[in-house]
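>>> take this sequence and fold it.
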Amino acid sequence: MQAFGLRTHAWNTAWRSMLLLAGFPMLLAIMAFGVGLIFAADQYNIDRAFRDTLRNLPWLYVMAWGVAIIWFAIAWVAHNRILDWATGAHPVTRAEEPRLWNLLENLCISRGMRMPRLAVIETEAMNAYAAGLTRDKGAVTVTRGLVNALDDRELAAVLAHELAHIRNGDARLGLIAAVFVGVISLGFDSMTRGRRIARAGRTTQEGGGWRVNTNSRNGGWVALIGVLMIALAWLLATALRMALSRNREFLADAGAVELTSDPDAMISALRKVEGNAEMPEVSPQVRALFLEDASDSALSSLMATHPPIGSRVEALVKFAGGRDPGPIARAAIEETPSWAQQDASDATIQVAPGAAPAPAPWWQGPAQGGGSAPSPWGKR
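As a prediction, the model looks like this:
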């Protein structure tokens, strides 16, 4: 019954995401109509301005799609390099990060997926994101703080979450949404230039200065309506993109549980990330791709890119049967890496009084007396 509930939750979330994405072309048309009104503001008759804009709307819409296609082409060719530059990530190999690489590789083998490009951001913040337009060209990036703070089960759950984004096509949908918002933002930025052009056509130069023609009142109202339409399209596009990101996070959490069959590990990982994911140096557009965006706490629920951690944990408890340990303090995580604590607890033995001291854990170096440290990965 839990598996059925989890799968139903994933289906419902995917359906809502497709409905949200379908709204972007309509908003692109609203933006194109607003731009047309601004450039038609030199008409002194409001009805004539609207008729001219409606007649030119197909061409304006095609031009907007042309800009979108150019942006898509740039993103298709260089999206990984752009994201690396924006986040400070660097690719890693198996030799450089054997623990991280092996966990990700095992997950890929279990689902017959191609090993994605793996990268690390050298920061103490705890976060991760997935990118890629196809399953064969996916990429997973994690922060150093995340790797150090999570044990193997929790880290595998986060990696499975990012793989779910690639499997579900979330990275591709996120890119499409970003391009639409970018094109609409371009129209929003250009409306002031269009307004200046429209005013220039309705002004006359007298006495060395510029004065607005008294007959331009109707044109001013037309331009104002155009500006308001572009602003509305931009706000709605941004809100739709935020809502799309929120829905896909719930779906990726469900996909991680399906991949690992370990809802408790995903819940524990989210609780450790909670309050420790802040990366203000990264652009908000890029933070929408992350596992968690700490800046959402300052935003309204409409404009937040991620659902609250508590809501995600609640969904995993309800649909996947997980157990919530509650908030986990950062200080307890920073003492020693969680995965190192796990290895230490596995190797604990009883020592009789007067016996030689046991070797120290590997991360503390060899014990006094010359004992050799156990394997970094412990008993597997």
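>>> and the next helix or strand past the helix or strand containing R271?
Per DSSP states H and E, R271 falls inside helix 263-273. Later in the chain than helix 263-273, the nearest helix or strand by DSSP H and E is helix 284-287.
>>> can you tell me which helices and strands the following helix or strand past that following helix packs against?
Using DSSP H and E, the helix or strand that follows helix 284-287 towards the C-terminus is helix 309-320. In terms of contacts (3 or more CB pairs under 8 Å, 6 or more residues apart in numbering; DSSP states H and E), helix 309-320 is packed against helix 2-21, helix 217-260, helix 263-273. To be clear about C-beta, it is placed using only N, CA and C from the backbone, and glycine gets the same treatment.
>>> check which helices and strands the strand or helix carrying A156 sits against.
Element membership of A156, judged by DSSP H and E, is helix 152-167. Under the contact definition 3+ CB pairs under 8 Å, 6+ apart, helix 152-167 sits against helix 98-111, strand 128-131, strand 139-143, helix 144-149, helix 217-260, helix 263-273, helix 338-346.
>>> and these: which comes nearest I176?
Closest to I176 of the helices and strands packed on helix 152-167, according to CB to CB: helix 217-260, at 9.5 Å.
>>> the closest one packs against which elements?
Counting contacts by 3+ CB pairs under 8 Å, 6+ apart, helix 217-260 is packed against helix 2-21, helix 23-39, helix 46-87, helix 98-111, helix 152-167, helix 170-201, helix 263-273, helix 309-320.
>>> mind giving me the domain ranges of this structure?
Domains of the chain are assigned by automatic domain parsing as 2-315, 352-380.
>>> for those domains, which has the smallest mean pLDDT value?
Ranked by mean pLDDT, the domains of the chain bottom out at domain 352-380, which scores a mean of 42.
>>> returning to that earlier point: just want the angle from the helix holding A156 to strand 139-143.
Taking axes from the mean of the first three to the mean of the last three CA atoms, to 10 degrees, one finds helix 152-167 and strand 139-143 inclined to each other by 140 degrees.
>>> if we can go back for a sec, export the helices and strands packed on helix 152-167 as a markdown table, with columns for distance to A75 and mean neighbour count.
Shown next, in a markdown table, are those (distance: least, CB to CB, whole Å; neighbours: other CB atoms under 10 Å):
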| stretch | distance to A75 | mean neighbour count |
| --- | --- | --- |
| helix 98-111 | 24 | 16 |
| strand 128-131 | 10 | 26 |
| strand 139-143 | 13 | 25 |
| helix 144-149 | 26 | 21 |
| helix 217-260 | 15 | 22 |
| helix 263-273 | 27 | 25 |
| helix 338-346 | 35 | 17 |
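>>> mind putting these in a markdown table, distance to M63 included?
Formatted as a markdown table, those follow (distance: least, CB to CB, whole Å):
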| stretch | distance to M63 |
| --- | --- |
| helix 98-111 | 42 |
| strand 128-131 | 29 |
| strand 139-143 | 32 |
| helix 144-149 | 43 |
| helix 217-260 | 14 |
| helix 263-273 | 42 |
| helix 338-346 | 53 |
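>>> how many other residues sit next to D136?
Neighbourhood size, D136 [other CB atoms under 10 Å]: 10.
>>> ah, wrong one, I meant P308
The number of residues packed around P308, counting by other CB under 10 Å, is 15.
>>> repeat that for the one 4 residues further on.
For R312, the number of neighbouring residues by other CB under 10 Å comes to 22.
>>> now do the helix holding R271: everything it contacts.
Residues external to helix 263-273 that are found in contact with it (CB atoms under 8 Å, 6 or more residues apart in numbering): 126-127, 146, 149-150, 153-158, 160-161, 253, 256-257, 260, 291-292, 309, 312-313, 316-317, 320-328, 333, 338.
>>> try 6 Å
126, 149-150, 153-154, 157-158, 256-257, 292, 309, 312-313, 316, 320, 322-324, 328, 333 (CB atoms under 6 Å, 6 or more residues apart in numbering).
>>> who's in contact with I166?
A130, G132, R135, G138.
>>> now those residues as TSV including distance to R114?
Putting the contacts of I166 into TSV (distance: CB to CB, whole Å) gives the following:
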residue	distance to R114
A130	13
G132	10
R135	7
G138	8
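>>> picking that back up, please identify the deepest-packed of the domains of the chain.
Highest mean neighbour count among the domains of the chain (mean count of other CB atoms under 10 Å): domain 2-315, with a mean of 18.
>>> of all the contacts of I166, which two lie farthest apart?
Longest span within the contacts of I166, CB to CB: A130 and R135, 11.0 Å.
>>> rewinding a little: among the helices and strands packed on helix 152-167, which is nearest I69?
Among these, the nearest to I69 by CB to CB is helix 217-260 (17.3 Å).
>>> hmm, back to that, could you dump the helices and strands packed on helix 217-260 to a markdown table with distance to R117?
As requested, these are exported to a markdown table (distance: least, CB to CB, whole Å):
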| stretch | distance to R117 |
| --- | --- |
| helix 2-21 | 25 |
| helix 23-39 | 28 |
| helix 46-87 | 7 |
| helix 98-111 | 10 |
| helix 152-167 | 11 |
| helix 170-201 | 12 |
| helix 263-273 | 22 |
| helix 309-320 | 26 |
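>>> and those: which comes nearest A119?
Per CB to CB, nearest to A119 of these: helix 46-87, 6.7 Å.
>>> the closest one - contacts with which helices or strands?
Applying 3 or more CB pairs under 6 Å, 6 or more residues apart in numbering; DSSP states H and E, we find helix 46-87 packed against helix 23-39, helix 170-201, helix 217-260.
>>> state the distance from the residue nearest to Y129 when sequence neighbours are not counted to L83.
Of all residues beyond its chain neighbours, the one nearest Y129 is L289 (4.3 Å), with distances taken as CB to CB, 6 or more residues apart in numbering. According to CB to CB, to the nearest Å, L289 stands 8 Å off from L83.
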